[in-house]
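In: Need a 3D model of the following:
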Amino acid sequence: MGDIQSAKATLWLEGLRGFRRHGHEWLTWAVGFFLVVAVCNFFMLDRLQDVLPALKNLPPDPQKGAALLAPLIAPALIWIALIEVAVLVQYYVYIVFFSVRELKLGQPVLGVGRFFYALGKMLQATLIFLAVSVVFGIVFGLLKFGLGANTTAAKTASGVVQLFMQIVVYYLAIKYSFVYVLAVNKMRPVLTTSWNLTETNWWRLFGNGLVILFWVVLFLFAVLAVAGVVAWSLRTVLHIPAAGPAGNVCIAVMGALAITVITGVFTAYRCTSCRILINEKRRSDPNFAKTIDA
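Out: Purely as a prediction, here's the structure:
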């Protein structure tokens, strides 16, 4: 496929087209990740099933309630860790996959070293977000202390601080949205390049991201509808309780399907958008290619 020449290329549409172009190849990778996530989901749901009756009647005593919830803590932490690792590895593999076909900036290969290099760059961006959150947290605490915890002025000032913090976080999230893609391709300096790529494109990326999010929400509603139909069929047609193992399998499968497809779509969108913006930047700024190490 030829390069996107127009500076007004619709990023979300090109992202979906990129996902569709390579869907049959992507499916090979997706099946493995789907199975891993489905097994993790079923593991957690099975443990939840054991304590669900007790959770419906939590005693008012906090200590007794904590005792009932204690058996869920370890499985929940294991489940969260496994899902996080699965999504990060899935995201990395998809970026390598789509980078070869969309970015065409060499041939990035799967490797443990490159994975941890990209993960380190993501952690650097995360530290920036944490630093911003700490600064706003300090300001928030000072306002509470100076104006009084429950005064109208303190509540108003706190609301303004929280709103401003959200705006700053959204701004930084888009400015650093290509960090992982660039890190996988080892286009250095990673954070600076991501920042420069989004220059004059912030609202464009924000709007296209909302459109992608809209399609993702529609897909989630479709998954929930299918899960509802399956649960109804189990209960009404087959006379199988939806709250048992069969229902757990249904929820685990649908959840894994949602995570796998959404990760693939977002990765295709990020890689395709990155390709378009890099090519536009190279046309508008002849020195841009000299500032990166592809």
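In: Nearest residue to the middle of the chain?
Out: residue 263 (7.0 Å; Cα atoms, centre = their mean).
In: Residue 177 belongs to a strand?
Out: No. Counting by DSSP: H, G, I helix; E, B strand; the rest coil, residue 177 is not part of a strand but coil.
In: I'd say it and residue 198 touch.
Out: Yes. Assessed by Cβ atoms under 8 Å, residue 177 is found in contact with residue 198 at 6.9 Å. In short, each C-beta sits where N, CA and C put it, glycine included.
In: Tell me the residues that contact both of these two, please.
Out: residue 205 (Cβ atoms under 8 Å, 6 or more residues apart in numbering).
In: Any idea how far stretch 192-204 is from the middle of the chain?
Out: Distance, stretch centre to chain centre, for stretch 192-204: 19 Å (Cα atoms, centre = their mean, to the nearest Å).
In: What's the end-to-end length of that stretch?
Out: Length of stretch 192-204, first residue to last, Cα to Cα, to the nearest Å: 19 Å.
In: cool, stretch 168-187 as well?
Out: Start-to-end, stretch 168-187 (Cα to Cα) is 25 Å.
In: ok, and for that stretch, which residues are buried?
Out: Applying a neighbour-count criterion of 16 or more other Cβ atoms under 10 Å, one finds 174-187 buried in stretch 168-187.
In: residues touching the residue nearest to the centre of the chain, list them.
Out: 33, 87, 90, 91, 94.
In: Let's see that with 10 Å instead.
Out: By Cβ atoms under 10 Å, 6 or more residues apart in numbering, the contact set of residue 263 is 30, 33, 37, 86, 87, 88, 90, 91, 93, 94.
In: so it sits in a strand?
Out: No. Counting by three-state DSSP, residue 263 is not part of a strand but helix.
In: pLDDT averaged over stretch 205-220, what's the number?
Out: The pLDDT scores in stretch 205-220 average 89.
In: residue ranges of the helices in the stretch 151-294 of the chain, please?
Out: Ranges of helices within the stretch 151-294 of the chain are 152-175, 179-184, 190-197, 202-232, 245-284, based on DSSP state H, counting those that start in this stretch.
In: Return the most buried member of those helices.
Out: helix 179-184 (a mean of 25; mean count of other Cβ atoms under 10 Å).
In: Just checking the distance from it to the centre of its chain.
Out: Distance, centroid of helix 179-184 to centroid of chain: 14 Å (Cα atoms, centre = their mean).
In: looking only at pLDDT, what's the mean for that helix?
Out: Helix 179-184 shows a mean pLDDT of 88.
In: Which strands or helices does it pack on?
Out: Helices and strands touching helix 179-184, by 3 or more Cβ pairs under 10 Å, 6 or more residues apart in numbering; DSSP states H and E, are helix 62-98, helix 112-147, helix 190-197, helix 245-284.
In: Just the angle for the longest one relative to helix 202-232, thanks.
Out: With axes from the mean of the first three to the mean of the last three Cα atoms, to 10 degrees defining the directions, helix 245-284 sits at 160 degrees from helix 202-232.
In: Run the chain-centre distance for helix 245-284.
Out: 8 Å.
In: now do the first one
Out: Its chain's average C-alpha position is 14 Å from that of helix 62-98, according to Cα atoms, centre = their mean.
In: Run the angle between it and helix 112-147 for me.
Out: 130 degrees.
In: Buried ones in helix 62-98, by neighbour count?
Out: For helix 62-98, by 16+ other Cβ under 10 Å, it's 72, 75, 79, 82-83, 86-88, 90-98.
In: by contact count, what packs against it?
Out: Looks like helix 62-98 contacts helix 11-21, helix 23-55, helix 112-147, helix 179-184, helix 245-284 (3+ Cβ pairs under 10 Å, 6+ apart).
In: Remind me what the second one packs against, helices and strands.
Out: The criterion is 3+ Cβ pairs under 10 Å, 6+ apart, and the helices and strands that helix 23-55 contacts are helix 11-21, helix 62-98, helix 245-284.
In: who touches the closest residue to residue 178 other than its chain neighbours in this structure?
Out: Using Cβ to Cβ, 6 or more residues apart in numbering and skipping the chain neighbours, the partner closest in space to residue 178 is residue 194 (4.3 Å). Contacts here follow Cβ under 10 Å, 6+ apart; on that basis residue 194 touches 121, 125, 174-183, 187, 274, 277.
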